[in-house]
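K.L.:
below are the sequence and a predicted model; questions follow.
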Amino acid sequence: MNSCPKVGGSHNGSVKVIRIIAALLLCCLAPRESAAQSPAQASLLDFIATHRDRHFDGVPHEVLAFYYTWYGRPERQDHWVHWGGENTTNHSTPQTTHYPARGAYDSQDPALVDAHILEAKSCGVSGFIATWWGQGSYEDRSFALLLARAEQKDFKASIYWETAPESGREQIDGAIADLVYMLSRYGSNRAFLKVDQKPVIFVYGRVMGQVPLASWPIIIEGARAKAGDFLLIADGYQPTFARLFDGVHTYNNCAEVKGKSPDVLRAWAAHNYAEAVSLARQHRRISCVTVIPGYDDTKIRRPGLAASRQDGQTYAVLWEEAIRAQPDWVLITSWNEWHEGSEIEPSWEDGDQYLKMTAKYAPGFLAAKSARLAAGAEPAPATATNLQAQLSGYTVGVLPDIGEAAFWLIGAGLRVRELSWADVADPAVFSPHNFPLVVQTGGEHYSSTGKVAGDVVPALQRYLAQGGFLISLPNGPFPFYYDTVSDKAAPVADRVGLPVKQGWELPPDGAQLTFQFDTHALLHFPAKARFPSNGDLRWRPAVRDATNPGDIYVPLAWLTDANGRSYGDGMAYIEHRTPPLQGGRSLYVWMRMSDVVGQDRLLEDVLKFAAAKIGAPAKR
């Protein structure tokens, strides 16, 4: 489920200054680390491997509402904050879809915060997740008040981390400093949301998009070293997030809710909520599903998006299916995001209808017994043992921009090393002797530069020419397509042994598409399987014509329609018999093949196929 956009916060220049000062103080106070111990050395795969046993079972239920502390009135702030003014006669403000029943208020008014907490508790909301835009920001000061009032009223509060600006090392240091600030200043408060005595922080999709995946181990380990353990709940139902973070959620499902009748909405929610909970439970993480009363941001955005409340039916259907999915936590978007019309706080338009509806569902959910964990998402023990035996003595190299397949390798107990582009460019590191098998598991990006400009592609060619084996298991449609150095399309897949070409963005209308498989090479595959009917349907096939004459090209999965027309290959194995890749091997797998046949079946058979080709170490 995709999140809808949110309005930005009241960030100001002083925040950055405060953050820098805090970071410098933390660096001065912290004990000096050796290079081997430095958080900068953290590997994503190593981090995932060490956190495989970090799980949360029987987590007490919570009903948490996203809460906005960014409102202000001139009487207290000398100017309007986030309201843009108020027309009490017409019951409106320039920047909000609806109008609060209590009028435009100030988030830093203690009486207002008390009233919000008491209203929320009265209908079964157990805590607020409050927007947070940096140290010293308006929202930071408001959160201090919220937490203090929550402590007095046996209520919970957590932070919604909204932004992680800058890039590279500056971004990492800033993120660590922000986390340490949150945890040191607020985490010990008894009202701060905790699981197993560890503070819980939610991470909004903006931050998930700003921070590269590879930076998270450095950030998390760096913050834990200074402030102790804590939990992060990531925005996005992605397997990688479920492995890396302590839980997954989504802020808003407004785009999916839009335009659906109650019956259609119920079917959608039943399926998607169950999938979201299953994803978290498979990885032993905290599961969250989000309910909304409706959504309307057309007053602040053009053209904007509106999802009808359907006189309460939208909220009721989502709540009923959320309870049926048995998550750990139900999240409400929102208590008071007035700009986007998703509030359940009493309004001039709807009165207290949504508080009464929340009171119908939330208390029963809070009282219900917590669900137990699923068996987990790791490969079957027999599969792992078999692969460990077949690849004994080998280290599998994983190229940068790591995807889900790399984590499966870790789960199978294989010896895996995460490579950097500098490693790839170094012939002393990147060789078939060190890595007889290398896998590409990320999306469409690569870096053309490891140590000097333009050295990566020649390094990959050298690796293959020395007898290496490259497997492409991408999670994006076209591997090696965009160069991150130039930030432009610069496809080089064919130059590194992957004969991939452009296919379609959507399948031909009415085509009945079927994969056929080489079941002699892929022992656990079915003879046939249907092409996916939903999701990302971009097709980038392997084709024999994109290989050099004289190379051996073996299709392992080919796509045809009901009339026998061929659309290329979804899996293909190539033995390179001509320069510049002579002596190497490569195997390409279309990005959605794991959805077609199942991830365990796909990866087990691909690795067994590769192991048979490269042979045992003693035979090489």
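P.N.:
That came in fine, so what should we check first? Small disclaimer: the values here were computed from a predicted structure and weren't measured.
K.L.:
C-alpha only now, for contacts and for neighbours.
P.N.:
Noted.
K.L.:
stretch 248-262: which residues count as buried?
P.N.:
By neighbour count on 16 or more other CA atoms under 10 Å, the buried set for stretch 248-262 is 248, 249, 250, 251, 252, 253, 254, 256, 257, 258, 260, 262.
K.L.:
same check, this time on stretch 476-493
P.N.:
476, 477, 478, 479, 480, 481, 482, 483, 491, 492, 493.
K.L.:
so the first one, which of the three states?
P.N.:
Translated: residue 476. coil (DSSP: H, G, I helix; E, B strand; the rest coil).
K.L.:
correct me if wrong: it contacts residue 444.
P.N.:
Yes. Residue 476 is in contact with residue 444 according to CA atoms under 8 Å; the separation is 5.5 Å.
K.L.:
about what we covered before: any chance of CSV for the buried residues of stretch 248-262, columns secondary structure?
P.N.:
Shown next, in CSV, are the buried residues of stretch 248-262 (three-state DSSP):
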residue, secondary structure
248, strand
249, strand
250, coil
251, coil
252, coil
253, coil
254, helix
256, helix
257, helix
258, coil
260, coil
262, helix
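K.L.:
mind listing what's buried along stretch 316-327?
P.N.:
Neighbour counts using 16+ other CA under 10 Å place 316, 317, 318, 319, 321, 322, 323, 325, 326, 327 of stretch 316-327 among the buried residues.
K.L.:
return the residues in contact with the fourth one.
P.N.:
With contacts defined as CA atoms under 8 Å, 6 or more residues apart in numbering, the neighbours of residue 319 are 291, 361.
K.L.:
pLDDT on the helix or strand hosting it, on average?
P.N.:
Per DSSP states H and E, residue 319 falls inside helix 313-325. The pLDDT scores in helix 313-325 average 98.
K.L.:
stretch 329-349 too?
P.N.:
The pLDDT scores in stretch 329-349 average 98.
K.L.:
restricting to C-alpha, output that stretch in CSV.
P.N.:
Below are the C-alpha coordinates for stretch 329-349, written out as CSV (Å, rounded to 0.1, in the frame of the first residue of the first chain):
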residue,chain,number,x,y,z
TRP,A,329,-1.1,-2.4,16.2
VAL,A,330,-3.9,-0.5,14.4
LEU,A,331,-2.8,3.0,13.2
ILE,A,332,-5.3,5.8,12.5
THR,A,333,-4.6,8.4,9.9
SER,A,334,-5.2,10.7,11.5
TRP,A,335,-6.2,12.4,14.7
ASN,A,336,-5.8,15.9,13.3
GLU,A,337,-4.1,16.2,9.8
TRP,A,338,-6.6,18.9,8.9
HIS,A,339,-4.8,19.9,5.7
GLU,A,340,-5.6,16.5,4.1
GLY,A,341,-9.1,16.0,5.6
SER,A,342,-8.1,12.7,7.3
GLU,A,343,-8.9,13.8,10.8
ILE,A,344,-11.1,11.9,13.3
GLU,A,345,-11.0,14.8,15.8
PRO,A,346,-14.4,16.4,16.0
SER,A,347,-15.1,18.8,13.2
TRP,A,348,-17.7,21.3,12.2
GLU,A,349,-18.8,19.1,9.3
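K.L.:
what are the buried residues along stretch 135-150?
P.N.:
Quick answer for stretch 135-150 (16+ other CA under 10 Å): 135-143, 145-150.
K.L.:
of those, which is the nearest to residue 388?
P.N.:
Distances from residue 388 to those, taken as CA to CA, are shortest for residue 135 (47.9 Å).
K.L.:
distance of the closest one relative to residue 142?
P.N.:
Here the criterion is CA to CA, to the nearest Å. By it, residue 135 lies 11 Å from residue 142.
K.L.:
now residue 181
P.N.:
Counting by CA to CA, the gap from residue 181 to residue 142 is 15 Å.
K.L.:
next one: residue 540
P.N.:
Distance from residue 540 to residue 142, counting by CA to CA: 50 Å.
K.L.:
repeat that for residue 508.
P.N.:
54 Å.
K.L.:
list phi and psi for residue 446.
P.N.:
With angles defined as degrees, to the nearest 10, residue 446 sits at phi -150, psi 170.
K.L.:
which element is the spatially closest residue to residue 125 that is not a sequence neighbour on?
P.N.:
The shortest distance from residue 125 to any non-neighbouring residue, by CA to CA, 6 or more residues apart in numbering, is to residue 63 (5.1 Å). Assigned by DSSP H and E, residue 63 falls within strand 62-67.
K.L.:
contacts for that strand?
P.N.:
124-131, 328-337, 362, 366.
K.L.:
in stretch 187-199, what's buried?
P.N.:
Within stretch 187-199, the residues scored as buried using 16+ other CA under 10 Å are 187, 189, 190, 191, 192, 193, 194, 198, 199.
K.L.:
for these, which two are the farthest from each other?
P.N.:
So for those, where distance means CA to CA, the most widely separated pair is 191 and 198, at 12.1 Å.
K.L.:
starting at the chain centroid, how far to the helix or strand where residue 388 lies?
P.N.:
Following DSSP H and E, one finds residue 388 within helix 381-390. On the basis of CA atoms, centre = their mean, to the nearest Å, helix 381-390 sits 29 Å off its chain's mean C-alpha point.
K.L.:
same check on stretch 170-183?
P.N.:
With CA atoms, centre = their mean, you get 20 Å for stretch 170-183.
K.L.:
no more questions from me, cheers.
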